[in-house]
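Engineer: What shape does this take:
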Amino acid sequence: MVLQRFLPFVFLLLAALFTFKSGASASPAELTLSKADSVKRERVQRDVPHFVSMPDRWRSIKLRPYELNVKGRLIDPYNQNVLKGDFPIIGQNTFFVFTASTESFFEASAVPTPSAVSTNQPNNQGFFGDAERFFMNENLRLSLELYRGNTAFRPRDFEIKMTSVFNLNYLDSKENNDVNVNVQQGTKRYDDHVALQELFLEKHLFDLSAHYDFVSFKGGIQQFKSDFRGFIFDDFNLGARIFGSAGSNRFQYNFAYFNLLEKDTNSELNTVFDWRDQEVFIFNIYKQDFLGLGYTGQLSFHYNHDKPSQYVDENGVTVRPAVIGNTQPHDIKAYYLGWAGDGHFGRLNINHAIYQVLGRDTFNALAGRPIDISAQMAALELSIDKDWLRLRASGFFSSGDPNPLDGTGQGFDTILDVPFFAGGSFSYWSNQRIRLLGVNLTNKLSLVPSLRPSKAEAQANFVNPGLLIVNLGFDMDLTPKTEFIVNANYIRFVDTSSLSFFLNQGGIRNDVGFDAGVGVLYRPFLNNNAVFTFSLSTFTPLGGFKDLYESSRVQFALFSSFVFTY
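Structural biologist: Numbering: from 1, shown residues only. Okay, the predicted model is just below:
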């Protein structure tokens with residue numbers, strides 16, 4: 001036993017002696033060296049040591065002008081910069097990242113606008129007035145991030161991040177009640193807001209394997225998107241999240257809980273610790289290379305508990321409970337079960353999602369009674385890439401309620417969605433807030449016709465007409481700097497019974513309209529430090545839209561966005 005304990009040390013000693021002996025003996029080639037060669041070799045070995053001490057492995061290499069990399073400066077956001085996390089600020093593994101960005105958004109559009117009790121134009125007797133409006137929105141975003149860890153192959157040890165947003169927005173409408181329910185406020189509105197969009201701590205808890213499978217925690221105000229395209233929940237809000245990976249990163253998962261903050265009405269940014277009385281719990285799991293290489297599958301569960309509350313927004317609109325029939329505070333508990341996927345099978349790219357929502361609403365204003373919830377949503381996008389061109393086709397379906405009074409809400413609604421689907425911001429339907437008798441037929445950056453006064457401030461409504469969208473489009477990378485997008489939609493209500501009941505108007509047709517748009521993305525410096533976006537979309541009304549808004553006029557939206565990032 002004693003001999004076995006000392007055998008490893010004996011082998012190490014013999015190996016060291018062998019190495020020393022081998023190093024001390026000259027090879028036959030060395031014995032044949034001339035005296036001048038031997039002197040030259042000794043000088044080289046003396047001047048260039050075998051091991052060089054590198055106390056700072058990040059800043060030890062001195063770049064020469066003709067080398068590929070360029071040594072950065074503090075004012076240079078693109079090349080190596082200590083403010084961008086390229087060099088540590090403490091020790092060798094603690095980094096700091098400062099990010100500043102400004103987004104300038106300008107939009108001119110025509111949207112059906114009720115003329116209310118006091119029209120802006122004399123002798124205007126129509127229920128809907130002038131549709132033209134101009135909107136400007138400016139966001140200055142400042143972000144500070146401190147983290148530790150060599151994150152090339154493993155998660156960060158910890159991260160602290162804070163992001164503030166300074167917002168200015170301006171609306172110039174043609175009708176008095178478009179900016180405020182008080183017609184004395186006129187047709188123009190200027191507003192500003194300061195928001196805290198991120199303030200969180202992320203901490204690596206422990207590893208699950210030698211392949212850096214891990215478990216981490218993130219708590220505070222943070223961004224979270226619950227699926228690939230943001231169909232159900234996508235927001236910056238207050239919550240706690242356990243996340244990580246398993247199976248050599250083949251699986252990723254999230255357990256997230258959010259106690260939502262109230263949103264500012266006109267900027268839709270967070271207010272400072274003004275509670276929304278709404279709780280959201282989300283669990284999802286992703287599987288890489290599911291069913292085949294290059295395809296990722298996802299299963300998810302969402303729980304939305306929207307408690308009874310009363311709230312009037314900054315423009316004087318009652319958003320909780322919605323003024324849409326019998327009105328009283330009510331409690332919503334909704335459970336979403338979903339399967340989504342993103343990836344490709346061979347040359348065919350695929351993105352899809354399907355959801356079933358169940359639950360209970362203690363008093364739906366449109367139905368005038370408690371209702372059970374049972375509604376569905378499905379989306380599918382297929383595309384093929386050919387060099388610089390992507391051809392795509394997609395479809396979107398959200399179920400509608402065929403009988404508003406039967407005690408079951410069959411119209412699908414979301415929690416807080418921002419879906420980039422069927423054209424996204426390049427679609428008129430998705431990018432506009434279309435009002436209808438104190439509520440919105442559809443909200444900005446949403447697809448479902450939910451009949452709720454606000455996507456961010458109001459409660460979900462599961463008595464709605466539902467929607468069917470058929471989409472065709474293509475994306476072209478014309479140059480490394482320029483991308484061109486073309487998008488076209490056919491839009492149709494699934495069932496108009498809830499609209500007929502709400503408006504006390506029979507015979508509302510299902511077809512809504514044709515939506516067509518083009519867009520250009522331009523990156524002048526071949527990076528994301530400057531991104532310019534331009535878009536023109538039009539909406540041609542069909543029977544259902546004409547029945548609702550008494551107009552066959554083609555609507556339009558023209559916007560430009562300029563984003564600069566340091």
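Engineer: going forward, measure contacts between C-alpha atoms and count neighbours the same way
Structural biologist: OK.
Engineer: would you say Asn177 is within a strand?
Structural biologist: No: looking at Asn177 with DSSP: H, G, I helix; E, B strand; the rest coil, it is helix, so not inside a strand.
Engineer: So what's the residue count around it?
Structural biologist: Per other CA atoms under 10 Å, the neighbour tally for Asn177 reads 24.
Engineer: Wait, it touches Thr187, no?
Structural biologist: Yes: in terms of CA atoms under 8 Å, Asn177 counts as a neighbour of Thr187; the distance is 7.3 Å.
Engineer: those helices in the stretch 301-450 of the chain, which residues are they?
Structural biologist: Secondary structure of the stretch 301-450 of the chain (DSSP state H, counting those that start in this stretch): helices located at 428-431.
Engineer: Strands along that one, start to end?
Structural biologist: 311-312, 318-320, 332-345, 348-364, 369-386, 389-398, 408-409, 434-436, 439-442 (DSSP state E, counting those that start in this stretch).
Engineer: could these be laid out in CSV, adding distance to Ser560, mean pLDDT and mean neighbour count?
Structural biologist: Compiled in CSV, these are given as follows (distance: least, CA to CA, whole Å; pLDDT from 0 to 100; neighbours: other CA atoms under 10 Å):
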stretch, distance to Ser560, mean pLDDT, mean neighbour count
strand 311-312, 31, 92, 15
strand 318-320, 30, 91, 21
strand 332-345, 29, 97, 19
strand 348-364, 28, 97, 20
strand 369-386, 26, 97, 19
strand 389-398, 23, 97, 19
strand 408-409, 39, 96, 27
strand 434-436, 20, 91, 19
strand 439-442, 22, 92, 21
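Engineer: Redo those strands as TSV? Include distance to Ser143.
Structural biologist: Output for the strands of the stretch 301-450 of the chain, formatted as TSV (distance: least, CA to CA, whole Å):
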stretch	distance to Ser143
strand 311-312	31
strand 318-320	32
strand 332-345	30
strand 348-364	32
strand 369-386	34
strand 389-398	34
strand 408-409	42
strand 434-436	33
strand 439-442	32
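Engineer: Asn529 is nearest to which of the ones you listed?
Structural biologist: strand 389-398 (24.3 Å; CA to CA).
Engineer: Pull the residues that contact that closest one.
Structural biologist: 375-385, 411-412, 422, 448, 466-477, 494 (CA atoms under 8 Å, 6 or more residues apart in numbering).
Engineer: Give the pairing partners of it; include direction for each.
Structural biologist: With DSSP bridges as the test, strand 389-398 is paired with strand 369-386 (antiparallel), strand 467-477 (antiparallel).
Engineer: quick one: contacts of the first one?
Structural biologist: Strand 369-386 is contacted from outside by 334, 347-364, 390-400, 407-412, 462, using CA under 8 Å, 6+ apart.
Engineer: One more pass at 6 Å, please.
Structural biologist: With CA atoms under 6 Å, 6 or more residues apart in numbering as the test, strand 369-386 has contacts from 348-364, 390-399, 407-412.
Engineer: circling back: could the strands paired with strand 389-398 go into JSON lines alongside distance to Glu268?
Structural biologist: Shown next, in JSON lines, are the strands paired with strand 389-398 (distance: least, CA to CA, whole Å):
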{"stretch": "strand 369-386", "distance to Glu268": "25"}
{"stretch": "strand 467-477", "distance to Glu268": "25"}
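Engineer: ok, Phe95 - how many residues close by?
Structural biologist: 22.
Engineer: what comes up buried for the helix or strand in which it is found?
Structural biologist: Element membership for Phe95 (DSSP states H and E) is strand 94-110. By neighbour count on 16 or more other CA atoms under 10 Å, the buried set for strand 94-110 is 94-98, 101-110.
Engineer: so how far is it from its chain's centroid?
Structural biologist: 14 Å (CA atoms, centre = their mean, to the nearest Å).
Engineer: With stretch 518-537 instead?
Structural biologist: 18 Å.
Engineer: what comes up buried for it?
Structural biologist: So, applying 16+ other CA under 10 Å, buried residues of stretch 518-537: 518-523, 530-537.
Engineer: hmm, which two among those are most spread apart?
Structural biologist: It's Ala530 and Ser537 that sit farthest apart of these, by CA to CA, at 23.3 Å.
Engineer: Partner strands of the strand or helix carrying Glu159 and their direction?
Structural biologist: Following DSSP H and E, one finds Glu159 within strand 158-172. Using DSSP bridges, the strands paired with strand 158-172 are strand 132-148 (antiparallel), strand 188-207 (antiparallel).
Engineer: I'd like the ones you listed as TSV, with distance to Asp547 and mean neighbour count appended.
Structural biologist: TSV is the format used below for the strands paired with strand 158-172 (distance: least, CA to CA, whole Å; neighbours: other CA atoms under 10 Å):
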stretch	distance to Asp547	mean neighbour count
strand 132-148	20	19
strand 188-207	29	18
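Engineer: Can I get those strands in TSV including mean pLDDT?
Structural biologist: TSV is the format used below for those (pLDDT from 0 to 100):
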stretch	mean pLDDT
strand 132-148	96
strand 188-207	95
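Engineer: Turn the ones you listed into JSON lines, including distance to Asn167.
Structural biologist: Formatted as JSON lines, those follow (distance: least, CA to CA, whole Å):
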{"stretch": "strand 132-148", "distance to Asn167": "5"}
{"stretch": "strand 188-207", "distance to Asn167": "5"}
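Engineer: Contacts for stretch 490-504 next, please.
Structural biologist: So stretch 490-504 is contacted by 400, 402, 404, 464-470, 506, 510-514 (CA under 6 Å, 6+ apart).
Engineer: Quote the end-to-end distance of that stretch.
Structural biologist: By CA to CA, to the nearest Å, the extent of stretch 490-504 from end to end equals 26 Å.
Engineer: Quick check: buried residues in that stretch?
Structural biologist: 490-502.
Engineer: which among those gets closest to Gly343?
Structural biologist: Tyr490 (25.4 Å).
Engineer: re the thing from before, and the buried residues of stretch 490-504, which of them are in helices?
Structural biologist: Ser497, Ser498, Leu499, Ser500, Phe501, Phe502 (DSSP state H).
Engineer: Could you report the separation of Thr265 from Asp413?
Structural biologist: Where Asp413 is concerned, Thr265 sits at a distance of 20 Å (CA to CA).
Engineer: Please apply the same query to Leu269.
Structural biologist: 21 Å.
Engineer: Over to Asn182?
Structural biologist: Distance from Asn182 to Asp413, by CA to CA: 30 Å.
Engineer: and if you look at Ala460?
Structural biologist: Taking CA to CA, one finds Ala460 at 6 Å from Asp413.
Engineer: Repeat that for Ser216.
Structural biologist: Ser216 is 32 Å from Asp413, by CA to CA.
Engineer: of these two, who's got more company?
Structural biologist: Asp413 (31 against 20).
Engineer: Let's see the pLDDT reported for the more buried one.
Structural biologist: What the model reports as pLDDT for Asp413 is 97.
Engineer: list the contacts for it?
Structural biologist: Phe462 are the contacts of Asp413 under CA under 6 Å, 6+ apart.
Engineer: now swap in Lys225 and tell me
Structural biologist: So Lys225 contacts Phe233, Asp234 (CA under 6 Å, 6+ apart).
Engineer: Show me what it is bridged to.
Structural biologist: According to DSSP bridges, beta-bridge pairing links Lys225 with Asp234.
Engineer: What score does it have for pLDDT?
Structural biologist: 96.
Engineer: Relative to Leu291, how far out is it?
Structural biologist: 24 Å.
Engineer: can you check Leu389 too?
Structural biologist: In terms of CA to CA, Leu389 sits 27 Å off from Leu291.
Engineer: For stretch 76-95, which outside residues touch it?
Structural biologist: For stretch 76-95, contacts defined as CA under 6 Å, 6+ apart pick out Lys71, Gly72, Arg73, Leu74, Phe96, Val97, Phe98, Leu146, Tyr147, Arg148, Gly149, Tyr566.
Engineer: Distance to Pro88 added to these, as a markdown table?
Structural biologist: A markdown table is the format used below for the contacts of stretch 76-95 (distance: CA to CA, whole Å):
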| residue | distance to Pro88 |
| --- | --- |
| Lys71 | 15 |
| Gly72 | 14 |
| Arg73 | 15 |
| Leu74 | 14 |
| Phe96 | 7 |
| Val97 | 10 |
| Phe98 | 13 |
| Leu146 | 10 |
| Tyr147 | 10 |
| Arg148 | 9 |
| Gly149 | 10 |
| Tyr566 | 18 |
